[in-house]
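Visitor: fold the following and give me the result.
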Amino acid sequence: MKVTVRKKEEPSALGISTDYIKLQDAMKLADLAPSGGQAKVLIQSGRVTVNGEVCAMRGKKLVPGDVFAYDGRSFRISSHV
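Guide: So this is what the prediction gives:
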């Protein structure tokens, strides 16, 4: 029996210049959704996670250090000043 082990990918950095960013805006910035409306649908369908847990709040505020993921891609919020 052959076992394949996949290395867990590190989240990509998503830099912000403010104290926080709303989840739907972060999804647009990361090119995960073409519009706020599309991001809202994805978030409310329970397909987006924040810090490893499903998040259905599209207005969720993400701060540096938070990680959100959708469709196998993950991003860590970082501050770039």
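
Visitor: centroid-nearest residue for the chain?
Guide: Note on the chain: the residue nearest the mean C-alpha position is residue 68, at 2.7 Å, using Cα atoms, centre = their mean.

Visitor: can you give me the distance of the closest residue to that residue other than its chain neighbours to residue 21?
Guide: The spatial neighbour of residue 68 that comes closest, neighbours along the chain excluded (Cβ to Cβ, 6 or more residues apart in numbering), is residue 50 at 4.9 Å. Backbone N, C-alpha and C define where each C-beta goes, glycine included. Residue 50 sits 12 Å away from residue 21, going by Cβ to Cβ, to the nearest Å.

Visitor: any idea how many residues pack against the residue nearest to residue 68?
Guide: 19 (other Cβ atoms under 10 Å).

Visitor: what's near enough to touch it?
Guide: Applying Cβ atoms under 8 Å, 6 or more residues apart in numbering to residue 50 gives the contacts 23, 60, 62, 66, 67, 68.

Visitor: of these, which belong to strands?
Guide: Mapping the contacts of residue 50 onto strands (DSSP state E) picks out 62, 67, 68.

Visitor: so the first one makes contact with residue 20?
Guide: Pointing back at residue 62 there. Yes. Residue 62 is within contact range of residue 20, at 6.1 Å (criterion: Cβ atoms under 8 Å).

Visitor: need the residues touching each of residue 50 and residue 21.
Guide: With contacts defined as Cβ under 8 Å, 6+ apart, the residues adjacent to both residue 50 and residue 21 are residue 62.

Visitor: please name the bridge partners of residue 67.
Guide: residue 76 (DSSP bridges).
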